[in-house]
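Sequence below, structure please.
(one chain, ligands or ions: 1)
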Amino acid sequence: MQKIHTVLSSGAALTLLLYALPAALQAQQPAAPPAGRAGRAPDLSLPIVQDAFKITDARFLIAFTRYCMLNGPNTANGKGDAATPSQLFDNLYYVGKTDVGAWVLKTSGGLVLFDTLNNPEEAANIIVPGMRKLGLDPDQIKLVVLTHFHNDHTGGLPYFRAKGMRLMASEVDWAQLGGVPTPQSVIRDGQVVEIGDTAITLILIPGHTPGTIAAMFPVFDHGQRHMAALTGGIGPTGGLDMHQTVIGSLDHLAAVTKQAGVDVLLDPHEAIVDSTAWGYIMHPADRKPNQNDLIVGKDPFQRFTQMLTTCMKARVVMYQQQKPGAAQ
Ligand SMILES: [Zn+2]
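Numbers count the residues shown, from 1 in each chain. Below you'll find the model as predicted:
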């Protein structure tokens, strides 16, 4: 895992990926196509994959290779180490691991924690000391937002629940976690939660889980305001239905983030979506003054969602080729 990350952060990864890509795409060829004169039917997903490739930014090539094939590489396998806790923006901090994130947003009314790592021990031994190292008081957490129910995001939940902190997740994902604790714990699509001076907009983007959410909030870089979107999870779990769900969610995400002028992309598994951002987060000592690789720009953010949508459409075709008639 560490080796993979080291390679990915070095920049050599892009070269590796580009070499690996044609072979990987070849592997997507349908198993038993109707034999033509050449003995092989054309892969109808390839032109769509090529469209996605034209849209993508080099920094998102890992997302492209992961999401533009049915069984793309997974660089987040739950075996990461504690990352160096660091400040990412004037009001945003990273207290997560090398393969899954935990983020703290600072407001005038206290702190908001996004995701809780794998278990209560990681909450106590990674999140809490990470916060203290950054001068953040864990007792000032006013809200814990869970991006989706998967254990690497919610395993630390009991630690914060025991402290009586306000917890929020979508209703369907709460069902996986033992039920909605209080009516105030349910995230509804488009809901705005205000903590102190900060408005956090929560939207539902089902597909990775039935109740995955994204959060939008302002971040400040040396006093300059930007708008961030923390996407809880993008890759669909499941077959064709979930792919169609994700396509709808990505459309929703694109529309809402465009309207809000989102120019900062954050993901609990940054290593999967954005190699540049991942390197920036994991190597705080190497950052140059005024460098902030998390600010991708409004247009690149929209192109990122477009690329993902296109990849999902390609995957639908791949499914149909595997199982003719499956998507009808
Ligand atoms: Zn997940």
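
Next one, pLDDT for the residue in the stretch 201-328 of the chain that the ion sits nearest to please.
Going by C-beta to the ion, the ion is nearest to residue 233 of the stretch 201-328 of the chain, at 4.5 Å. Yep, even glycine has a C-beta here, placed from its N, CA and C like the rest. Residue 233 carries a pLDDT value of 89.

residue contacts, it?
Shown in contact with residue 233 (C-beta atoms under 8 Å, 6 or more residues apart in numbering): 147, 148, 150, 207, 208, 209, 212, 268, 269.

run the last query once more with 7 Å
Listed by C-beta atoms under 7 Å, 6 or more residues apart in numbering, the contact set of residue 233 reads 147, 148, 208, 209, 212.

which SSE is it in?
Assignment of secondary structure by DSSP states H and E places residue 233 within no helix or strand.

Quick check: the gap between the closest residue to it other than its chain neighbours and residue 239.
In this structure, residue 233 finds its nearest non-sequential neighbour in residue 208, 3.1 Å apart by C-beta to C-beta, 6 or more residues apart in numbering. Taking C-beta to C-beta, to the nearest Å as the measure, residue 208 falls 14 Å from residue 239.

One more: residue 119?
With distances taken as C-beta to C-beta, residue 119 is found 30 Å from residue 239.

out of these two, which sits in the more crowded spot?
The neighbour count for residue 119 versus residue 239, taken as other C-beta atoms under 10 Å, is higher for residue 119 (17 against 14).

I'd guessed that one sits against residue 155; true?
Yes: at 4.2 Å, residue 119 counts as touching residue 155 under the criterion of C-beta atoms under 7 Å.

Can you show me the strands along the stretch 1-150 of the chain?
86-89, 92-94, 103-107, 110-114, 141-145 (DSSP state E, counting those that start in this stretch).

and the ion, which of the ones you listed is closest to it?
strand 110-114 (13.4 Å).

Give the pairing partners of the closest one; include direction for each.
Partners of strand 110-114 in the sheet, by DSSP bridges, are strand 103-107 (antiparallel), strand 141-145 (parallel).

export the last one as PDB, just CAs?
As requested, C-alpha coordinates have been extracted for strand 141-145 and formatted as PDB (Å, rounded to 0.1, in the frame of the first residue of the first chain):
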ATOM      1  CA  ILE A 141     -16.600  19.300  17.800                       C
ATOM      2  CA  LYS A 142     -20.200  20.400  17.300                       C
ATOM      3  CA  LEU A 143     -21.100  18.100  14.500                       C
ATOM      4  CA  VAL A 144     -19.900  14.800  13.000                       C
ATOM      5  CA  VAL A 145     -20.900  14.300   9.400                       C
END
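
Confirm that residue 229 sits in a helix.
No: counting by DSSP: H, G, I helix; E, B strand; the rest coil, residue 229 is not part of a helix but strand.

Now do it, the pLDDT please.
For residue 229, the pLDDT comes out at 98.

Look at it and say how many residues are nearby.
If we define neighbours as other C-beta under 10 Å, then residue 229 has 24 of them.

cool, residue 164 as well?
7.

For the protein, which residue gets nearest to the ion?
residue 150 (3.4 Å).

Skipping adjacent residues, who's closest to that residue in space?
Nearest one to residue 150, counting by C-beta to C-beta, 6+ apart, is residue 209 at 6.5 Å.

and the one you found, that's in a helix?
No: with three-state DSSP as the criterion, residue 209 is coil rather than part of a helix.

Would you mind finding the longest helix in this structure?
Taking DSSP state H as the assignment, the helix of the chain that covers the most residues is helix 298-322.
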